[in-house]
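Engineer: Quick one: sequence and predicted model below, then my questions.
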Protein chains: 2
Amino acid sequence: MGVTVKEVAQAAGVSQATAARALGGYGYVSPHARRSIEQAARKLGYRTHAVAQALASNVTHTVGLVVGDIENPFFAAAARGLSDVLEQEGYTILFANSDEDLEREQRLVETFRSRRVDGLAIAPSVSTANRHLAELVAADVPLVLFDRPVRGVKADVVMVDNKRGAQTAVEHLLRLGHRRVGIVSDAPEIASSAERIQGYRTALASAGLPVDERLIALTGSSRDDGYRAAKALFRARTPPSAVFTANNLMSVGTLLALRELGLRIPDDVALVGFDDLEWTTLIEPPLTVVRQPVQEIGRQAAERLLARMRGDGSAPRRIRLQTEFVVRGSCGEGSP
Amino acid sequence: MGVTVKEVAQAAGVSQATAARALGGYGYVSPHARRSIEQAARKLGYRTHAVAQALASNVTHTVGLVVGDIENPFFAAAARGLSDVLEQEGYTILFANSDEDLEREQRLVETFRSRRVDGLAIAPSVSTANRHLAELVAADVPLVLFDRPVRGVKADVVMVDNKRGAQTAVEHLLRLGHRRVGIVSDAPEIASSAERIQGYRTALASAGLPVDERLIALTGSSRDDGYRAAKALFRARTPPSAVFTANNLMSVGTLLALRELGLRIPDDVALVGFDDLEWTTLIEPPLTVVRQPVQEIGRQAAERLLARMRGDGSAPRRIRLQTEFVVRGSCGEGSP
DNA sequence: GTGAAAGCGCTAACAC
DNA sequence: GTGTTAGCGCTTTCAC
């Protein structure tokens, strides 16, 4: 089907080894031989056979990426950041969605391993029960976790300071006088969410306020889950006067619920969201949010992975990027 | 490093060929042999070596996906749809962003070919100058184009009826009495955009209206490009009273521009956008849009690709999915 | 049904 | 510098 090194070698009148060296860019080749090899290669239409290369060299120049759902703008941006730096370095990316499902994640990791990826970047679905991740570490497969850490897995992690970000958000609400602050979040099995919930609790505690568990709406990962949870939260006997939404999907769901309930922002309820997307400035009032450096998370994850793939054997690093608190209009402070 | 078929064979007391047949799921193996082979494999922790398999069988079970930018919700959704069906069939996806840059796209195609993907799904950046795509077809590499066709490339295409969608949108504006209808679109080199512009022109023509070229704002593919183009459009001497934005990025850019110019929707200007995203219902007024079946585009592309990879040699198909016109409040018709 | 043997296209020692 | 020679781990005839 394709032109092989051997054929190029024959056409150039050198041995296969020499042609392979010239074409593969390793070892010594005289300028003269190189020229005629390159010429022959061009003429015959030679194309590297990355599969054969991978088998022979045990290096695939391929990285596996597992995200919850590429349709989530957070993951899309992280994927973009990651692929930008990895591609630059000659890596190709295998990608897949876990849907925050542990079993799927495990299957994907298995698939990627059998494809012999040089490294893996994973946004782990749950922070526990992660034999598949521990095995990766044990097998010395370069691994970087992003967005979320996993207990007991000694791998690099690139994430934001979720607790602090959430705490800042809730403190902001408290400072404005709110005493009944609710939270809409997806499952605490997702480590980043757990940390955000923690930040919420800490903010209340620091203010000397009791935590009313009925104000904590925990749900699934979809927008619809967020919608339902928010609706229940605000339909309760004593609804919150302000709410913190733990990620962009929860924000959308909550906004939908509030609108349906006829609750106006910020008059009836103040809102602070996590994740800053384009549309948050397009709605009225624009959303006050905790912004994460999304692409940067992906980029840094890629950098760590590159380092590991190049043999960096230092202790696992936990890189915490800072969030930024962006005050806009959804808490009634008057827009910027 | 890893356990090989050979080792499993020895442990199971059979020949490598037999073990390979059992493990690879091809050829005949007696139930008895199969059992002991599977047992040995499990015990030793055997894992398929997909790279070796690919080299030997000349099938990688890998598909390359090229999108403009995975951060664009349109591409993210298409990618999701595509990966859902392909993964189901045992394929893994190599993905990359072209940034609507022809040269990058060519490089990516080359990379994917050298990785010996079984097929390629591409949202081609430009509708012309596509030697790399024609070559794919000539080399009989299964290929499906999505979102956009390419002149002279005999491959399956999955797309929507862009012209009709745009035409419907503009006719709607015309019906509401607008006589100066503008359009903000990215470059007509992108086939889908060209078709939408065509639809715009056709709508005007059908209504017996002249086309004022100054109302056609063509620009780059980013939101900022859209912003700048819209700003210029509305700052002109005789600005439009209504505008059609040819994709989601143009919509955002235009909304930003209008807001900055203090132009209110729908009172000062009516707007219809292409692409229906979550936030379009969150803003005030909610956007009237042309909705595309995004995930479905990806899914159908995957189906075509599967058929081709399985040997379907029939004439290239052009699959046109229908758009849906969703009337909301941005043209002043009163929300749903 | 099973085994022996020849590749797939390349890299990597190692000798010259 | 260049060539020879083994593999890499699997699939795939083709006998038996």
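Structural biologist: It's in.

Engineer: which residues of chain A fall in helices?
Structural biologist: A:5-12, A:16-24, A:31-44, A:50-57, A:73-88, A:102-114, A:131-138, A:162-175, A:191-206, A:223-235, A:248-261, A:294-309 (DSSP state H).

Engineer: what's the closest of these to B:Arg201?
Structural biologist: Closest to B:Arg201 of the helices of chain A is helix A:73-88 (C-beta to C-beta; 33.2 Å). For the C-beta atoms, the positions are set from N, CA and C on the backbone; glycine is no exception.

Engineer: circling back to that earlier point, could you point out which of the helices of chain A sits nearest B:Pro124?
Structural biologist: helix A:73-88 (18.9 Å).

Engineer: Show me what the closest one packs onto, helices and strands only.
Structural biologist: strand A:62-67, strand A:92-97, helix A:294-309, helix B:73-88, strand B:92-97 (3 or more C-beta pairs under 8 Å, 6 or more residues apart in numbering or on different chains; DSSP states H and E).

Engineer: and those as TSV, adding mean neighbour count and distance to DNA strand D?
Structural biologist: Shown next, in TSV, are the helices and strands packed on helix A:73-88 (neighbours: other C-beta atoms under 10 Å in any protein chain shown; distance: least, C-beta to the nearest atom of the strand, whole Å):
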stretch	mean neighbour count	distance to DNA strand D
strand A:62-67	26	16
strand A:92-97	23	19
helix A:294-309	22	19
helix B:73-88	22	20
strand B:92-97	23	16
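
Engineer: so where's chain A shaky on pLDDT?
Structural biologist: For chain A, residues meeting the criterion pLDDT under 70 lie at A:1, A:129, A:333-336.

Engineer: switch the cut-off to 50
Structural biologist: A:335-336 (pLDDT under 50).

Engineer: so what are the domain limits for it?
Structural biologist: A:5-57, A:62-159+A:294-321, A:162-292 (automatic domain parsing).

Engineer: what comes into contact with stretch A:4-24?
Structural biologist: The list of residues contacting stretch A:4-24 from outside it, by C-beta atoms under 8 Å, 6 or more residues apart in numbering or on different chains, reads A:27-29, A:33-34, A:36-41, A:43-44, A:46, A:48-49, A:53.

Engineer: start to end distance for that stretch?
Structural biologist: 12 Å (C-alpha to C-alpha, to the nearest Å).

Engineer: Pull up the residues of the stretch 1-150 of chain A that are close to DNA strand C.
Structural biologist: Contact residues, the stretch 1-150 of chain A versus DNA strand C (C-beta under 7 Å from any atom of the strand): A:1-2, A:4-6, A:16-17, A:20, A:23-24, A:26, A:46, A:48-49, A:52-53, A:55-57.

Engineer: let's see it at 10 Å
Structural biologist: Residues of the stretch 1-150 of chain A lying near DNA strand C by C-beta under 10 Å from any atom of the strand: A:1-9, A:15-28, A:41, A:46-59.

Engineer: returning to what we had before: same list, the contacts of stretch A:4-24, but only the ones touching DNA strand D.
Structural biologist: Near DNA strand D, by the rule C-beta under 10 Å from any atom of the strand, you find A:27-29, A:33-34, A:36-37, A:53 out of the contacts of stretch A:4-24.

Engineer: still on that earlier bit, quick one: closest of the domains of chain A to B:Asp275.
Structural biologist: Of the domains of chain A, nearest to B:Asp275 by C-beta to C-beta is domain A:162-292, at 12.6 Å.

Engineer: That closest one and chain B in contact?
Structural biologist: Yes: using C-beta under 8 Å from any C-beta of the partner chain, domain A:162-292 comes into contact with chain B via A:223, A:252, A:255-256, A:277-279, A:281-284.

Engineer: Throw these into JSON lines and include neighbour count, thanks.
Structural biologist: Putting those into JSON lines (neighbours: other C-beta atoms under 10 Å in any protein chain shown) gives the following:
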{"residue": "A:Arg223", "neighbour count": "19"}
{"residue": "A:Val252", "neighbour count": "26"}
{"residue": "A:Leu255", "neighbour count": "27"}
{"residue": "A:Leu256", "neighbour count": "20"}
{"residue": "A:Leu277", "neighbour count": "20"}
{"residue": "A:Glu278", "neighbour count": "17"}
{"residue": "A:Trp279", "neighbour count": "22"}
{"residue": "A:Thr281", "neighbour count": "20"}
{"residue": "A:Leu282", "neighbour count": "20"}
{"residue": "A:Ile283", "neighbour count": "17"}
{"residue": "A:Glu284", "neighbour count": "13"}
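
Engineer: Go back to the residues you listed and keep what's next to DNA strand D.
Structural biologist: Counting by C-beta under 10 Å from any atom of the strand, no member of the residues of domain A:162-292 next to chain B is near DNA strand D.

Engineer: So which of these is the closest to A:Gln300?
Structural biologist: Of all the residues of domain A:162-292 next to chain B, A:Gln300 sits closest to A:Leu277, with 20.4 Å by C-beta to C-beta.

Engineer: my guess is that closest one meets A:Asn247, correct?
Structural biologist: No: A:Leu277 lies out of contact with A:Asn247 (C-beta atoms under 8 Å); the separation is 10.5 Å.

Engineer: Residues of the stretch 1-150 of chain A that sit close to chain B?
Structural biologist: A:1, A:47-52, A:54-55, A:58, A:60, A:62, A:69-71, A:73, A:76-77, A:79-80, A:83-84, A:87, A:92-97, A:110-116.

Engineer: Which one of the domains of chain A lies nearest to B:Gly177?
Structural biologist: Closest among the domains of chain A, using C-beta to C-beta: domain A:162-292, at 26.3 Å.

Engineer: Just the endpoints, please. Distance across that closest one?
Structural biologist: First-to-last distance for domain A:162-292 - C-alpha to C-alpha - comes to 9 Å.

Engineer: Check the offset of that domain from the chain's centre.
Structural biologist: 21 Å (C-alpha atoms, centre = their mean, to the nearest Å).

Engineer: now stretch A:306-314
Structural biologist: The answer for stretch A:306-314 is 20 Å, by C-alpha atoms, centre = their mean.

Engineer: picking that back up, could I get the residues of domain A:162-292 next to chain B as TSV with distance to B:Arg196?
Structural biologist: Listed next are the residues of domain A:162-292 next to chain B as TSV, based on distance: C-beta to C-beta, whole Å:
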residue	distance to B:Arg196
A:Arg223	28
A:Val252	27
A:Leu255	29
A:Leu256	29
A:Leu277	25
A:Glu278	21
A:Trp279	22
A:Thr281	26
A:Leu282	22
A:Ile283	26
A:Glu284	28
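
Engineer: Just the closest of those residues to B:Leu143, please.
Structural biologist: Distances from B:Leu143 to these, taken by C-beta to C-beta, are shortest for A:Glu278, at 32.6 Å.

Engineer: ok so, going back, quick one, which of the residues of the stretch 1-150 of chain A next to DNA strand C are buried?
Structural biologist: A:2-5, A:7-9, A:18-23, A:41, A:46-55 (16 or more other C-beta atoms under 10 Å in any protein chain shown).

Engineer: isn't A:Asn162 right up against A:Tyr200?
Structural biologist: No: with contact defined as C-beta under 8 Å, A:Asn162 does not reach A:Tyr200; the gap is 10.4 Å.

Engineer: Name the residue of the stretch 151-300 of chain A that lies nearest to chain B.
Structural biologist: Residue of the stretch 151-300 of chain A nearest chain B, by C-beta to the nearest C-beta: A:Trp279 (3.2 Å).

Engineer: could you list every residue that touches that residue?
Structural biologist: B:252, B:277-279, B:282-283.

Engineer: and what of A:Ala54?
Structural biologist: A:60-62, A:116, B:51.

Engineer: With A:Phe112 instead?
Structural biologist: Contacts of A:Phe112 (C-beta under 8 Å, 6+ apart): A:64, A:66, A:94, A:96, A:120, B:92.

Engineer: Max pairwise distance over these: which two?
Structural biologist: A:Leu120 and B:Thr92 (13.0 Å).
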